[in-house]
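*Asks:* Sequence first, predicted model second:
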Amino acid sequence: MTSMFSTKGSPQSMGNVVQRRRALNTSKFSPDMEDMRALAAATRQQLAAAQAQLASIWRQNQHSRELLANRAALVDGILRELWIALDLPPDMALVAVGGYGRGALYPASDVDFLILQP
């Protein structure tokens, strides 16, 4: 089953920190609290809008498995965008576990993941 959500972030939603890092032309950018708050707010907005869209689609077609898979894909995309925006080291890994790791993320369930470092 393919996701209906893109994993690419729009500059308006998640890219403020990325754009600033690129503008500074540094390999490592440490965002300040203002950047972090803006990134968190943009992430919350993106997640709320996408979840509302998923709920609307589910009300129309009642395909629960599709809903669960699309919710997991949505979180995948958001976490991928955050990982890039925060410029986390490439030798670290983000590993999904639990229902999220199985690709079945129920509404109102938590998102379990591990961050592994060497």
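*Replies:* Perfect, I can see it now. Keep in mind it's a predicted model, so treat the numbers as computed, not measured.
*Asks:* Tell me how far L105 lies from A73.
*Replies:* L105 sits at a distance of 9 Å from A73 (criterion: C-beta to C-beta, to the nearest Å). C-beta: built from backbone N, CA, C; applies to glycine.
*Asks:* which of these two has more neighbours?
*Replies:* L105 (25 against 21; other C-beta atoms under 10 Å).
*Asks:* so what's that one scoring on pLDDT?
*Replies:* Predicted confidence (pLDDT) at L105: the value is 89.
*Asks:* Longest helix of the chain, counting residues only.
*Replies:* What stands out as the longest helix in the chain, according to DSSP state H, is helix 33-61.
*Asks:* Tell me the helix or strand right after that helix.
*Replies:* Per DSSP states H and E, the first helix or strand lying C-terminal to helix 33-61 is helix 64-85.
*Asks:* Now for the protein, the helix or strand with the poorest mean pLDDT.
*Replies:* helix 16-24 (a mean of 50; mean pLDDT, DSSP states H and E).
*Asks:* what residue lies at the spatial centre of this structure?
*Replies:* Central residue check for the chain by C-alpha atoms, centre = their mean: the C-alpha nearest the mean position is that of I78, 1.1 Å away.
*Asks:* A108: neighbour count?
*Replies:* Around A108 there are 5 residues (other C-beta under 10 Å).
*Asks:* Would you mind listing the residues in contact with it?
*Replies:* Taking C-beta atoms under 8 Å, 6 or more residues apart in numbering as the contact definition, A108 lies against nothing.
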